[in-house]
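Give me coordinates for this.
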Amino acid sequence: MSHRTTLFELKDIHVEVEDKEVVKGVSLKVKAGEVHAIMGPNGSGKSSLSNALMGHPGYEITSGEAYLQGHSILEMPPDERSRAGLFLAFQYPLAVPGVTVANFLRAALKAHRGPEADMSDFRRLLKREMAALSIDPSFATRYLNDGFSGGEKKRVEILQMSVLNPKMALLDETDSGLDIDALKTVSGGINRFHNADNGILLVTHYQRLLNYVQPDFVHVMLGGRLVKSGGPELALKLEENGYDWVEQETGLTAEV
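Next up is the predicted model:
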């Protein structure tokens, strides 16, 4: 994979939330075609990192650099980051009463393609992607995430990713709250989306998602830092032994 171009690069990223530093110098390089997983216990800074990279106003990047396809994203507002090819699937997707799934996705795709873009393929695209994720067609006319179960919300997040087809997808604990059937469906959607030209950064607490979405690299986050990296075998070791051994090895505690 060494010949592949670098798609997404973080250099010494620091993040503050309410004047508290929660990410303390994260550097990472994702090449086209790669899947990276960041694992760590609750409170280690994983979700703060992904939210900050997408431009969430509650998370301030105080120093460092972030590049998508060689372009700095930190001066871009969130919608520009999205149009540039960055996507975030939320751990807790919000409900938007009054806006249907179909209208939301149509507006998002039009914002990406531009106001003059031809949208004649949208209905066919939506139907195909909903079928692939086992989402009932009736969900197209339901209000976004309003009254949806946890699994339904996560499927609609992956549906949004499939429709927008970003270059770099940040998936923040997409497996949380999923039963085994929903996990298999969501994982299938992630694998179907992934190709040699895009990249995925999975943020997860557990190894079980990685049984279905095979990572090329696994990184352990403790206390706001990436403290250990390896291959898929590292995730298996964490599942078997927990995070205590990493804490002992590094001298760091889990929470920031």
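
where do the strands sit along the stretch 51-200 of the chain?
Under the criterion DSSP state E, counting those that start in this stretch, strands of the stretch 51-200 of the chain are mapped to 60-68, 71-72, 86-89, 96-100, 143-144, 168-172, 199-204.

Could I get these in CSV, plus columns for distance to Met161?
(Each C-beta comes from the backbone N, C-alpha and C, glycine too.) Compiled in CSV, those are given as follows (distance: least, CB to CB, whole Å):
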stretch, distance to Met161
strand 60-68, 16
strand 71-72, 21
strand 86-89, 5
strand 96-100, 17
strand 143-144, 15
strand 168-172, 6
strand 199-204, 10
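
Relative to Val220, which of the ones you listed is closest?
Relative to Val220, the nearest member of the strands of the stretch 51-200 of the chain by CB to CB is strand 199-204, separated by 11.5 Å.

Take the strands of the stretch 51-200 of the chain and write them to a markdown table, including distance to Lys153 and mean neighbour count.
Rendered in a markdown table, the data for these read as follows (distance: least, CB to CB, whole Å; neighbours: other CB atoms under 10 Å):
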| stretch | distance to Lys153 | mean neighbour count |
| --- | --- | --- |
| strand 60-68 | 26 | 16 |
| strand 71-72 | 31 | 11 |
| strand 86-89 | 10 | 23 |
| strand 96-100 | 11 | 12 |
| strand 143-144 | 9 | 20 |
| strand 168-172 | 13 | 24 |
| strand 199-204 | 16 | 25 |
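
so which of those strands gets nearest Ala52?
Set against Ala52 and scored by CB to CB, the strands of the stretch 51-200 of the chain come closest in strand 60-68, at 5.2 Å.

residue ranges with poor pLDDT in the chain?
Across the chain, the stretches falling below the confidence threshold (pLDDT under 70) are 1-3, 252-256.

how about a cut-off of 90?
Counting by pLDDT under 90, the chain contains low-confidence residues at 1-4, 41-43, 90-92, 115, 150-151, 175-177, 205-208, 239-256.
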